[in-house]
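Trainee: Predicted model, plus sequence, below.
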Amino acid sequence: MTQKEFEERTGLKMTADSYTEVEQCYMNTELDKDAFCKLWLESPVALKEIERKTVLVRELFEERKMMANFLIEQAEKWSASDLRDKAISMIGEKEYLHRKIFRNFNLWEVDKDLLLELLKV
């Protein structure tokens, strides 16, 4: 959202420096422009809480991706089916196979069976 759009929606006039805070908050949320502006005017505390939780969810999502990658690597290293199963439960079968193929890891027989099952039309 541009500064002009924000000002038109809220009726507020801001300097470029003060709009930087608005823009950062907006980019940290998943709200559409109208909902964001409404909350900016009516409930800035609630808006800051939405921003905080959205940032937290994004961080947790990234951590989950890294953990799934670690599980896939460790399953490959140790031939550990329990780690494979946990990775699949975290990211799903298709994403598991995608990551494994992308990294040029060997497909186990059970992976090949899974791939064939997913490719059935």
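Mentor: Cool, got the structure. Numbering: from 1, shown residues only.
Trainee: Now do the lengthiest helix in the chain: distance to the chain's middle.
Mentor: Taking DSSP state H as the criterion, the chain has its longest helix at helix 44-78. Between the centre of helix 44-78 and the centre of its chain there are 7 Å (C-alpha atoms, centre = their mean, to the nearest Å).
Trainee: Stretch 99-111 too?
Mentor: Distance of stretch 99-111 from the chain centroid (C-alpha atoms, centre = their mean) equals 24 Å.
Trainee: so what are the domain limits for the protein?
Mentor: For the chain, automatic domain parsing gives the domain ranges 1-42, 61-121.
Trainee: Dump those to a markdown table, plus mean pLDDT and distance to Thr54.
Mentor: Bear in mind the C-beta positions are built from the backbone N, C-alpha and C, glycine included. Below are the domains of the chain laid out as a markdown table (pLDDT from 0 to 100; distance: least, C-beta to C-beta, whole Å):
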| stretch | mean pLDDT | distance to Thr54 |
| --- | --- | --- |
| domain 1-42 | 97 | 5 |
| domain 61-121 | 97 | 11 |
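Trainee: got a markdown table for the ones you listed, with mean neighbour count too?
Mentor: Putting the domains of the chain into a markdown table (neighbours: other C-beta atoms under 10 Å) gives the following:
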| stretch | mean neighbour count |
| --- | --- |
| domain 1-42 | 14 |
| domain 61-121 | 14 |
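Trainee: Which of those sits closest to Lys53?
Mentor: Smallest distance to Lys53 across the domains of the chain (C-beta to C-beta): 9.2 Å, for domain 1-42.
Trainee: Mind putting the domains of the chain into TSV with distance to Glu51?
Mentor: Below are the domains of the chain laid out as TSV (distance: least, C-beta to C-beta, whole Å):
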stretch	distance to Glu51
domain 1-42	5
domain 61-121	16
